[in-house]
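Asker: got a sequence here, can you build the structure:
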Amino acid sequence: MAYREALMADAQKLEETLFSSSIRFLETEYQKNELRANVLQTFTELFCQWGEQTDKEAASLGICYLHSSILMRTGEIRLTLFGEEFYLDKNQFEKAWYPPCFFQQYEQDMSEIMTALQKHHPRIYPYEENAVRYQYAQYFYTAIQSLCQDMLEELTESEAYQKMKKTKDFFFFFGRWMGEAEKL
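Answerer: Model prediction:
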């Protein structure tokens, strides 16, 4: 157990250092109009799908990460529009979102982290690498949440959002799929 704790502590130090430069890169990238337009387009498609396929009012939009996307290395974020029954609603509309740059940067960083860790921990088992992957993913989830918070005004001012039928108290939330989440 001490070996695993040492591995995770070493990984944490590397992650903090690496992420500080990665976040600056991502912030710069997401100031570009084409990337912001890409995000807006993804959400717009979901808003339009709701309007085309149901007469009910949407009550919330979940922006959720999936731990399986870390293991499968897809980088998927699940966008889900819910009616008032939330998870029990039959009228859920989902869209997979792959935020440009985020997962590519995450994988590049993970490669560097694992290379550095193997110098001090020569036998890292797959389950230990997965533990490091999950730990580091939290940084990127927080960055994606910040991006969504930053773009919230653009999303709510979009024509598709304005036209979509929604409840008075419609809200966006970010968190783990069918787990903990925070309102944006």
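Asker: what's the neighbour count on S111?
Answerer: By other Cβ atoms under 10 Å, the residues close to S111 number 10. Any C-beta I mention is one placed from the backbone N, CA and C, and that applies to glycine too.
Asker: what's the helix or strand for it?
Answerer: helix 102-120 (DSSP states H and E).
Asker: lowest average confidence, helix or strand, in the chain?
Answerer: Lowest by mean pLDDT, DSSP states H and E among the helices and strands of the chain is strand 181-183, with a mean of 77.
Asker: that one pairs with which strands, and in what direction?
Answerer: Next to strand 181-183 in the sheet, as set by DSSP bridges, lie strand 166-176 (antiparallel).
Asker: tabulate the CA atom coordinates of the strand it pairs with in PDB.
Answerer: C-alpha atoms of strand 166-176 as PDB (Å, rounded to 0.1, in the frame of the first residue of the first chain):
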ATOM      1  CA  LYS A 166     -38.100  25.300 -21.300                       C
ATOM      2  CA  THR A 167     -39.300  25.700 -17.800                       C
ATOM      3  CA  LYS A 168     -38.900  29.100 -16.000                       C
ATOM      4  CA  ASP A 169     -36.300  27.600 -13.800                       C
ATOM      5  CA  PHE A 170     -34.200  25.800 -16.500                       C
ATOM      6  CA  PHE A 171     -30.700  25.300 -15.400                       C
ATOM      7  CA  PHE A 172     -27.300  23.900 -16.500                       C
ATOM      8  CA  PHE A 173     -25.300  21.600 -14.400                       C
ATOM      9  CA  PHE A 174     -21.900  20.000 -14.600                       C
ATOM     10  CA  GLY A 175     -20.700  16.800 -13.000                       C
ATOM     11  CA  ARG A 176     -20.300  13.000 -13.100                       C
END
